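Undergrad: Here is my input, please return the structure:
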Amino acid sequence: MGEETQKRPNAESAVSSLLVRESTRCLQYFSSHSIKSAATSDFYYSLRSKLPLALALLLALALVADFLRTSSSSRRVPALSSSSTPQTVARIASVVGHLNATYADLPAPRWDWEEMPAAPVPRLDGAAVQIGDLLYVFAGYASLDHVHSHVDVYNFTSNTWTERFDMPKEMAHSHLGMVSDGRYVYAISGQYGPQCRASINRNFVLDTETKEWHELPPLPLPRYAPATQLWRGRLHVMGGGKEDRHEPGLEHWSLAVKDGKALEIEWRAEVPIPRGGPHRACVVANDKLFVIGGQEGDFMAKPGSPIFKCVRRHEVVYGDVYMLDHGAEWKRLQCQSLIPTSNLHGLSLITP
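TA: As a prediction, this is how the structure comes out:
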């Protein structure tokens, strides 16, 4: 790091010297030609042919010098001290609400990570649950143009990927809502197909002991990445994105379930969540239902695109936390000290 920092100022000086030298040479060239042939048409022809080249050279050198100066300055930013952490967190939290292809690394306690065996396939925006010492990983993108339609199983005891089996053909391939009761895995709606295709309203349940799939009643409307949780004997589905992936949904539905089976033929409307959208965490604690963080807006399909090509739209990420107790109304919690920044692509807590 020290050598690189030392090299950059030297590079800046070299480029600056070259810029001055070339500028002087160009001026001398034009001056000498103007003295010798100012009265002739050769001078004007020479001027017209050489001037664009000289200007282009000067502009290129100026851009290189500016790039080196900027890069050097960015690398000399000092590390965050522990005393400045609260102010830094507050400052970053105030501006990170709008995604603009930037990111922020917040100070945090150091955890030791251990590298595990690589997954059988690359995967983005799939879903996963842990049951006992097994991790079930579902669906997801392999790339924007290819999606997975199978489940990979990882065994924490043997530290190996041990099994693979297919999902139903009608099941969504990404952005599913998912929760488990310790044996049955409930997979809710999501996006069917690659790129930015529309969400669907079909739902499935997996018996992890028999590896059998069963279909549940469809949601009243398609949903994209909804918050999903089991609470008081009912499967709850909240928020998410609407069929276009971009518009937030506020609806909240529930379905009575037991041992992987639906006890009702249709979903029941519940208290709408005050702020909708996909990519949020959801957890039950002390017999209360919590929904944490989230996002409003998302990539959409390009209008008229036959492959539903993804194009970016405005996105807002937020850190709101809502709690539902007795089903009367959602309560927004004031817990900014616990969640200093916005949260998206959150995961639900799964207990075996």
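Undergrad: Helix, strand or coil: sort out L55 for me.
TA: Three-state assignment for L55 (DSSP: H, G, I helix; E, B strand; the rest coil): helix.
Undergrad: Report the separation between it and L124.
TA: In this view, L55 and L124 are 46 Å apart by CB to CB, to the nearest Å. Backbone N, C-alpha and C define where each C-beta goes, glycine included.
Undergrad: Show me how the record splits this protein into domains.
TA: Using automatic domain parsing, the domain parsing of the chain gives 2-75, 127-332.
Undergrad: got TSV for those domains, with mean pLDDT, mean neighbour count and distance to M116 too?
TA: Formatted as TSV, these follow (pLDDT from 0 to 100; neighbours: other CB atoms under 10 Å; distance: least, CB to CB, whole Å):
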stretch	mean pLDDT	mean neighbour count	distance to M116
domain 2-75	55	12	32
domain 127-332	96	18	7
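Undergrad: how close does the nearest residue to G276 once chain neighbours are set aside get to M323?
TA: The shortest distance from G276 to any residue other than its chain neighbours is 3.5 Å, reached at P248 (CB to CB, 6 or more residues apart in numbering). Using CB to CB, we find P248 at a distance of 19 Å from M323.
Undergrad: now do D298
TA: Taken as CB to CB, the span from D298 to M323 is 25 Å.
Undergrad: what do you get for V271?
TA: For V271, the distance to M323 equals 12 Å [CB to CB].
Undergrad: which residues are common contacts for the two?
TA: Common contacts of V271 and M323, defined by CB atoms under 8 Å, 6 or more residues apart in numbering, comprise W330.
Undergrad: so who does the residue nearest to G276 touch?
TA: Here P248 is in contact with G239, G240, G241, K242, R275, G276, G277, P278, E296, G297 (criterion: CB under 8 Å, 6+ apart).
Undergrad: For those, which two are the farthest from each other?
TA: Based on CB to CB, the longest span within those runs between K242 and R275 and measures 14.4 Å.
Undergrad: Contact partners for M300?
TA: Contacts were defined as CB under 8 Å, 6+ apart; by that measure M300 touches C196, D244, R245, H246, C310, V311, R313.
Undergrad: Just the ones in helices from these, please.
TA: The helices in this structure, assigned by DSSP state H, contain none of the contacts of M300.
Undergrad: Any figure for the gap between the closest residue to E270 other than its chain neighbours and E296?
TA: Nearest-residue entry for E270: H252, 4.2 Å, with adjacent residues in sequence omitted and distances by CB to CB, 6+ apart. Between H252 and E296 the computed distance is 16 Å (CB to CB).
Undergrad: my guess is P278 meets G239, correct?
TA: Yes. Under the criterion of CB atoms under 8 Å, P278 makes contact with G239 at 7.0 Å.
Undergrad: does the closest residue to R275 other than its chain neighbours sit in a helix, a strand or a coil?
TA: Counting by CB to CB, 6+ apart, the nearest residue to R275 once its immediate chain neighbours are dropped is D320, at 5.6 Å. What three-state DSSP gives for D320 is strand.
Undergrad: which residues touch D320?
TA: For D320, the contact set (CB under 8 Å, 6+ apart) comprises P274, R275, G293, G294, R332.
Undergrad: what do you get for L206?
TA: When contacts are counted by CB under 8 Å, 6+ apart, L206 is found next to Y136, V151, Y184, V185, A187, E212, W213.
Undergrad: Mind jotting down where the strands sit in the stretch 251-352 of the chain?
TA: Assignment of strands within the stretch 251-352 of the chain using DSSP state E, counting those that start in this stretch yields the ranges 252-258, 261-262, 268-269, 281-285, 288-296, 300-301, 310-311, 316-324, 330-332.
Undergrad: List just the one of those that sits closest to G177.
TA: For G177, the closest of those is strand 281-285, at 8.6 Å, according to CB to CB.
Undergrad: export that closest one as CSV, just CAs?
TA: Coordinates of each C-alpha in strand 281-285 appear next as CSV, following Å, rounded to 0.1, in the frame of the first residue of the first chain:
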residue,chain,number,x,y,z
ALA,A,281,-36.7,-9.9,6.6
CYS,A,282,-39.5,-11.3,8.6
VAL,A,283,-39.3,-13.0,12.0
VAL,A,284,-41.5,-14.2,14.9
ALA,A,285,-40.2,-13.4,18.4
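Undergrad: and it with strand 288-296, angle?
TA: The directions of strand 281-285 and strand 288-296 differ by 170 degrees, with axes from the mean of the first three to the mean of the last three CA atoms, to 10 degrees as the criterion.
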